[in-house]
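A.B. asks: Pasting a predicted model and its sequence here:
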Amino acid sequence: MVTRTLPCRFASCLLPLVVVALLAPVAHGGQVRVNVGAPTNTFTPYAANINAGDHVVWVWIGGFHTVTNWTLPDDSLNLSSDGSIFDSGGAPLGVSGARFSWKSDRTGHVPYVCVPHRPDMSGRVIASPLTTPPTIPVADFRLTEIQFNVPSDRDLIEIANLGQAAGDLRSFRLAISGTGTGVAISAADFPVPSLGRVIIHTNETGTNNTPPGHIYVPGLGALPDAMGSVALYVPNTLAPGNALTNAAMMIDFVQWGTGGQANEGAADVAGFWTPGTSINDVAAGHSIEYCENSPYVHGVSQWREISPPNFGTTANCTTPTRSESWGRLKIIYRQ
């Protein structure tokens with residue numbers, strides 16, 4: 001059977017785009033960082049202002065502390081910690097790289113304390129209703145370009161901060177197909193401005209920020225060529241919350257070659273990916289790039305095959321190398 005593609009001159013040609021829009025997952029999850037124990041026995045900033053659905057990321061800097069929500073029944077200092085909303089654990093954590101994250105599931109004020117140092121060491125999360133665009137400026141790290149077929153397996157992953165505030169990639173985690181655990185992107189602070197882009201070298205050693213905006217993570221290994229996935233997670237060193245199956249800790253996902261790759265289930269629960277969909281038939285030397293219709297929409301319909309790769313910019317997003325015919329969309333979506 002021969003399939004013919006007619007010129008797209010009529011309103012009916014918009015149908016595939018409408019279908020894509022309906023199928024594309026929509027989710028939001030920005031990030032705000034709070035330092036624990038610097039200055040001594042403080043949370044900085046004291047008040048973490050976020051939008052509903054954002055993450056608060058606590059990074060231990062000094063001392064032994066917990067992060068435990070508490071109830072404030074009468075607006076006094078007669079407070080009691082209960083951990084019913086979030087709790088970093090019963091035993092105080094030291095400065096040995098501890099990280100803890102909570103994805104907000106409510107609006108309003110959520111006070112919290114360090115249990116050994118309460119009431120003096122306290123803070124609060126203030127979550128505003130989510131709007132479009134978000135009312136509260138936050139960082140929003142996302143996967144924006146992947147090249148998994150680089151010669152000598154020196155594959156590349158680009159992460160962009162699409163949020164309205166600066167962020168820090170310290171201890172954010174990447175997980176790829178074939179690995180059972182997430183690998184930290186940077187052990188040291190790595191600030192990224194709003195709309196800034198960082199290029200991750202997955203199978204190559206080097207000095208971070210040389211050249212500027214580059215990070216080397218050889219522990220990730222090479223990305224699979226034929227079929228694979230990349231998932232991005234917020235920092236969390238505490239079991240069981242740091243498991244890759246914990247959808248509340250995932251902030252982005254992409255897969256190619258075929259559906260059903262590692263961490264697809266968590267991406268589905270998080271609202272980042274439609275199961276069974278993938279970017280297929282990417283030519284050697286090309287990359288795939290996130291070319292969003294909206295920064296709050298995730299999924300296969302937002303990604304394009306790009307040639308030549310353009311890490312550090314979105315220039316080629318306006319001229320994708322392959323247009324999506326209705327026949328190809330049916331293959332992508334397995335409809």
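C.D. replies: Alright, I've got the coordinates.
A.B. asks: Quick check: what element follows the helix or strand where residue 109 lies along the chain?
C.D. replies: According to DSSP states H and E, residue 109 maps onto strand 108-113. Per DSSP H and E, the first helix or strand lying C-terminal to strand 108-113 is strand 122-128.
A.B. asks: Residues contacting that following strand, please?
C.D. replies: 34, 43, 45-52, 54, 56, 70, 79, 102, 104, 106-114, 135-136 (C-beta atoms under 8 Å, 6 or more residues apart in numbering). To be clear about C-beta, it is placed using only N, CA and C from the backbone, and glycine gets the same treatment.
A.B. asks: Flag the shaky bits of the protein, pLDDT-wise.
C.D. replies: For the chain, the stretches with pLDDT under 70 are 1-27, 72-81, 90, 95-96, 179-180, 318-335.
A.B. asks: Map the structural domains onto the sequence of it.
C.D. replies: 18-28+139-333, 31-128 (automatic domain parsing).
A.B. asks: got a list of what the closest residue in space to residue 228 that isn't next to it in sequence touches?
C.D. replies: Spatial nearest neighbour of residue 228, excluding adjacent residues (C-beta to C-beta, 6 or more residues apart in numbering): residue 177 at 4.0 Å. Residue 177 makes contacts with 223, 224, 227, 228, 229, 255, 261, 262, as judged by C-beta under 8 Å, 6+ apart.
A.B. asks: So which of these are in strands?
C.D. replies: Mapping those onto strands (DSSP state E) picks out 228, 229, 255.
A.B. asks: Mind checking which of the residues you listed are buried?
C.D. replies: Using 16 or more other C-beta atoms under 10 Å as the burial test, these include 228, 229, 255 as buried.
A.B. asks: Quick check: buried residues in stretch 195-206?
C.D. replies: Buried-residue list, stretch 195-206, by 16+ other C-beta under 10 Å: 196, 197, 198, 199, 200, 201, 202, 203, 204.
A.B. asks: if I look at the last one, how far off is residue 197?
C.D. replies: Note on residue 204: its distance to residue 197, by C-beta to C-beta, to the nearest Å, is 18 Å.
A.B. asks: Can you tell me the element the most centrally placed residue in the chain falls in?
C.D. replies: Nearest to the mean C-alpha position of the chain, counting by C-alpha atoms, centre = their mean, stands residue 251 at 2.8 Å. Using DSSP H and E, residue 251 maps to strand 250-256.
A.B. asks: Touching that strand from outside, list them.
C.D. replies: So strand 250-256 is contacted by 29, 31, 55, 141-143, 146, 148, 177, 227-234, 244, 261, 263-264, 266-267, 270, 272-273, 277-280, 282, 288, 290, 298, 303 (C-beta under 8 Å, 6+ apart).
A.B. asks: These in helices, which ones?
C.D. replies: Counting by DSSP state H, the contacts of strand 250-256 place 264, 266, 267, 270 in helices.
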